[in-house]
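1. My questions are about this predicted structure, shown below with the sequence.
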Number of protein chains: 2
Amino acid sequence: MSTPSAVRWHDGKLLILDQRQLPGVVEYLEIDDVQGGWDAINTLAVRGAPAIGIAAGYTLVVAMAAEGRDLEAKPGQFLAQLEQYATHLESARPTAVNLSWAVRRICERAKRSANLDAIREEAEHIHEEDRAICRAIGVNGRELIKPGNGVLTHCNAGALAVSELGTATAPLYLNHQQGMPFRVYVDETRPLLQGARLTAWELSEAGMDVTLICDNMAASLMAESKIDLVIVGTDRVTRNGDVINKIGTLNLAILCAHYGIPFYVACPSSTYDPETKFGHEVTIEQRDPSEVLGESAARVPVHNPAFDVTPVNLVSAIITDRGIARPPLAVALERLLIENND
Amino acid sequence: MSTPSAVRWHDGKLLILDQRQLPGVVEYLEIDDVQGGWDAINTLAVRGAPAIGIAAGYTLVVAMAAEGRDLEAKPGQFLAQLEQYATHLESARPTAVNLSWAVRRICERAKRSANLDAIREEAEHIHEEDRAICRAIGVNGRELIKPGNGVLTHCNAGALAVSELGTATAPLYLNHQQGMPFRVYVDETRPLLQGARLTAWELSEAGMDVTLICDNMAASLMAESKIDLVIVGTDRVTRNGDVINKIGTLNLAILCAHYGIPFYVACPSSTYDPETKFGHEVTIEQRDPSEVLGESAARVPVHNPAFDVTPVNLVSAIITDRGIARPPLAVALERLLIENND
């Protein structure tokens, strides 16, 4: 029983868990050149914004290491080669902000010291920072779970998307490591089934008491008093405290309000977007109908939004690496994430 | 564009739509002996309580017809042969109340007149009664839908489960036949996808404007004011007005209450069960985990209830063949379905 990792880095070796094959096959891909990293990112072997950034950083390290130490003697050539790899890697998922952010961080570091040790250190920093953020979310959120609780989560905001503790899952991992007994219900999360394929798998692997449900079963569990709290991740929190997250999140928040169950959102403070005032200003991506239709040959139109917007009044608290924001959330988030930002 | 039928009866020929192959393949199985009917019922080529009853009635007719007119001259042998077929047919789905009910009705009729015309007439009566009930539900419920409305439904309470208008779908079919424009959103209905495979298909075939969604998308559509009403079927309505229906129904009822959207339930008056006081007294069947896990090789425990209980306070009205019951529902149902029962 151990916490699965999306990215493993040991002794100069980069291993990426091939999430496309989960949960049927657990296989780590060894990445030893830039094309290997590009393929893994492009084909979603690794997914989740932070995990992509971490994988990209290490990919540049192994790719440059393969060029040999000789290049360190020629800083201009070193930088040119790194830049070429970096540009290529960024093209693997052009819209993934974290990919570009991590790749550019490595390049900036190389500009100050064009050698392998420096960029390896930077890649390790990126990884370590993410780990520390997840740990802080876990430490801040752990008190919200009590022994014997039933906790419901949605989609995958776990170790497979981030680093080893995940965001929404960090309080679960920390309490579980301390031996606290509780049960986690995992929404399968249609249409892509990240809950069934990833979250249920990773929490089970870590030895937790996991029960998988279909998304439409949450209400009946709540009616039977089996859910004490819900914790989800988020892709963006707007200035007023609205939460943009995987489709189905709003549904859970409404059920929680109906049954008087706390609805918690966990995220790194970087997810807070004070530039956007309200959730409804965010354009929701419509995804391909084939994700819903699958093998079904029904030729009907499909509505397939990737995310929904949970209004701030349905959110009980937001757990961040800097502390827990409680209502009134707009005020609490500003105090926690902007005013203390120095 | 035509309304699909689960069972077709024409000129002494029995055709059963093979629902296992929908929506990819539309194939009618010709049933000409008792074993053919048994197989169709047992393997769920035909499903839905009323449709099973209708199919069983006609199966006995074609099976007895194959014995030839000579048997009519020997009433004892006729009855013995019919009883043998009837008993066998009942074993196809021993818990399906409608199957046994229809088969016994045919046998009782034969006891009064042991000939082919009599049992054919009885089978046609069973079919016609069901058709009339669906039509009455449609007539009573049609006023609830206005031009341009967005209507959400769940699972399959349509023509494929009942007779040609269905129950929850009857008001839709009638208004559509009158040329009223409206849009139907269909929940895919995990885990067995009856919405995606059956309802979306049958309403599209009938020419309606249908959009398929995943079960967890209803809240976001309601938040965007795209849903004006929800109509679902039900397996049982208890004396107090609680509604037992496909898992996910309770979820929709809570969302409707949150957004102030009417939540309607449509059913034949036979679905009313005044012997059971409250919904929570009904034992909810737990189904096999494999329905949820599918090809996913996750070895996690699964919670897979077939139904949930929607409490009466979340139900806006119940549309029956005898009229619409409105809150207070316990009183209205009793008045409509018991007091007028003579």
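-> Sure thing, it's come through. Numbers count the residues shown, from 1 in each chain, chains lettered A, B, ... in the order given.

2. got a list of contacts for stretch A:118-132?
-> Applying C-beta atoms under 8 Å, 6 or more residues apart in numbering or on different chains, the external contacts of stretch A:118-132 come out as A:7, A:9, A:12, A:50, A:53-54, A:57-58, A:60-61, A:64-65, A:82, A:102, A:105-106, A:109-110, A:112, A:162-165, A:321. Where C-beta positions appear, they are placed from N, C-alpha and C, glycine not excepted.

3. Just the CA atoms of the helix or strand harbouring A:M64, as PDB, please.
-> In this structure, A:M64 sits in helix A:49-67 according to DSSP states H and E. What follows is helix A:49-67 as a C-alpha-only set of coordinates in PDB (Å, rounded to 0.1, in the frame of the first residue of the first chain):
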ATOM      1  CA  ALA A  49      -1.700  20.900 -14.600                       C
ATOM      2  CA  PRO A  50       1.000  20.500 -11.800                       C
ATOM      3  CA  ALA A  51       2.000  17.000 -12.800                       C
ATOM      4  CA  ILE A  52       2.500  18.200 -16.400                       C
ATOM      5  CA  GLY A  53       4.700  21.000 -15.200                       C
ATOM      6  CA  ILE A  54       6.800  18.600 -13.100                       C
ATOM      7  CA  ALA A  55       7.100  16.100 -15.900                       C
ATOM      8  CA  ALA A  56       8.200  18.800 -18.300                       C
ATOM      9  CA  GLY A  57      10.900  20.100 -16.000                       C
ATOM     10  CA  TYR A  58      12.500  16.700 -15.600                       C
ATOM     11  CA  THR A  59      12.100  16.000 -19.300                       C
ATOM     12  CA  LEU A  60      14.400  18.900 -20.100                       C
ATOM     13  CA  VAL A  61      16.900  17.700 -17.500                       C
ATOM     14  CA  VAL A  62      17.100  14.200 -19.000                       C
ATOM     15  CA  ALA A  63      17.200  15.500 -22.500                       C
ATOM     16  CA  MET A  64      20.100  17.900 -21.700                       C
ATOM     17  CA  ALA A  65      21.900  15.200 -19.700                       C
ATOM     18  CA  ALA A  66      21.800  13.000 -22.800                       C
ATOM     19  CA  GLU A  67      23.800  15.700 -24.700                       C
END
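
4. Which strands and helices lie in contact with that helix?
-> Taking 3 or more C-beta pairs under 8 Å, 6 or more residues apart in numbering or on different chains; DSSP states H and E as contact, the helices and strands that helix A:49-67 lies on are strand A:7-10, strand A:13-17, strand A:28-31, helix A:34-42, helix A:75-90, helix A:97-112, helix A:116-141.

5. Could I get those in a markdown table, plus columns for mean pLDDT?
-> Formatted as a markdown table, those follow (pLDDT from 0 to 100):
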| stretch | mean pLDDT |
| --- | --- |
| strand A:7-10 | 95 |
| strand A:13-17 | 97 |
| strand A:28-31 | 97 |
| helix A:34-42 | 97 |
| helix A:75-90 | 97 |
| helix A:97-112 | 94 |
| helix A:116-141 | 97 |
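
6. Tabulate those (JSON lines), appending mean neighbour count and distance to B:N42.
-> Converted to JSON lines, the helices and strands packed on helix A:49-67 look like this (neighbours: other C-beta atoms under 10 Å in any protein chain shown; distance: least, C-beta to C-beta, whole Å):
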{"stretch": "strand A:7-10", "mean neighbour count": "17", "distance to B:N42": "51"}
{"stretch": "strand A:13-17", "mean neighbour count": "22", "distance to B:N42": "44"}
{"stretch": "strand A:28-31", "mean neighbour count": "17", "distance to B:N42": "46"}
{"stretch": "helix A:34-42", "mean neighbour count": "21", "distance to B:N42": "48"}
{"stretch": "helix A:75-90", "mean neighbour count": "17", "distance to B:N42": "57"}
{"stretch": "helix A:97-112", "mean neighbour count": "18", "distance to B:N42": "54"}
{"stretch": "helix A:116-141", "mean neighbour count": "20", "distance to B:N42": "51"}
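
7. Export the ones you listed to TSV and append columns for distance to A:G150.
-> Compiled in TSV, the helices and strands packed on helix A:49-67 are given as follows (distance: least, C-beta to C-beta, whole Å):
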stretch	distance to A:G150
strand A:7-10	31
strand A:13-17	28
strand A:28-31	33
helix A:34-42	36
helix A:75-90	42
helix A:97-112	32
helix A:116-141	16
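
8. Of these, give the one that comes closest to B:I338.
-> B:I338 sits nearest to helix A:116-141 of all the helices and strands packed on helix A:49-67, at 53.4 Å, using C-beta to C-beta.

9. Could you tell me the average pLDDT over stretch A:286-296, please?
-> What stretch A:286-296 shows for mean pLDDT is 86.

10. Mind exporting the C-alpha coordinates of that stretch to PDB?
-> Extracted C-alpha coordinates of stretch A:286-296, given in PDB (Å, rounded to 0.1, in the frame of the first residue of the first chain):
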ATOM      1  CA  GLN A 286     -17.600  22.400 -24.600                       C
ATOM      2  CA  ARG A 287     -16.000  19.000 -25.300                       C
ATOM      3  CA  ASP A 288     -16.500  16.400 -28.000                       C
ATOM      4  CA  PRO A 289     -19.800  14.500 -28.100                       C
ATOM      5  CA  SER A 290     -17.900  11.300 -28.600                       C
ATOM      6  CA  GLU A 291     -16.800  11.500 -25.000                       C
ATOM      7  CA  VAL A 292     -20.400  11.000 -23.900                       C
ATOM      8  CA  LEU A 293     -21.600   8.800 -26.700                       C
ATOM      9  CA  GLY A 294     -18.800   6.300 -26.500                       C
ATOM     10  CA  GLU A 295     -19.500   3.100 -28.400                       C
ATOM     11  CA  SER A 296     -23.200   4.000 -28.400                       C
END
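
11. need the strands for the stretch 151-300 of chain A, in chain order.
-> A:183-187, A:209-213, A:229-232, A:236-238, A:243-246, A:263-266, A:272-273 (DSSP state E, counting those that start in this stretch).

12. which residue sits closest to the residue positioned nearest the centre of chain A, ignoring its sequence neighbours?
-> Relative to the mean C-alpha position of chain A, the nearest C-alpha, by C-alpha atoms, centre = their mean, is the one of A:A161, at 3.6 Å. Taking C-beta to C-beta, 6 or more residues apart in numbering or on different chains as the measure, A:A161 lies nearest to A:G48, with 2.7 Å between them; neighbours along the chain are not counted.

13. Next, count neighbours for the one you found.
-> A:G48 is flanked by 27 other residues according to other C-beta atoms under 10 Å in any protein chain shown.

14. so who does it touch?
-> Shown in contact with A:G48 (C-beta under 8 Å, 6+ apart): A:6, A:156, A:160-162.

15. before we move on, back to that, for A:V230, find the nearest of the helices and strands packed on helix A:49-67.
-> Closest among the helices and strands packed on helix A:49-67, using C-beta to C-beta: helix A:116-141, at 12.5 Å.

16. and the closest residue to A:R69 other than its chain neighbours, how far is that from B:N304?
-> Closest residue in space to A:R69, ignoring its immediate chain neighbours: A:L116 at 6.9 Å, by C-beta to C-beta, 6+ apart. In this view, A:L116 and B:N304 are 53 Å apart by C-beta to C-beta, to the nearest Å.

17. What of A:V302?
-> From A:V302 over to B:N304 the distance is 25 Å, taken as C-beta to C-beta.

18. For those two, indicate the residue with more neighbours.
-> For A:V302 and B:N304, the more surrounded residue by other C-beta under 10 Å is A:V302, and the numbers stand at 24 against 21.

19. you'd agree that one is up against A:V292?
-> Yes: contact status for A:V302 versus A:V292: in contact at 4.8 Å, counting by C-beta atoms under 8 Å.

20. need the strands of the stretch 151-300 of chain A in a markdown table with distance to A:D70, can you?
-> A markdown table is the format used below for the strands of the stretch 151-300 of chain A (distance: least, C-beta to C-beta, whole Å):
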| stretch | distance to A:D70 |
| --- | --- |
| strand A:183-187 | 50 |
| strand A:209-213 | 50 |
| strand A:229-232 | 49 |
| strand A:236-238 | 45 |
| strand A:243-246 | 47 |
| strand A:263-266 | 46 |
| strand A:272-273 | 45 |
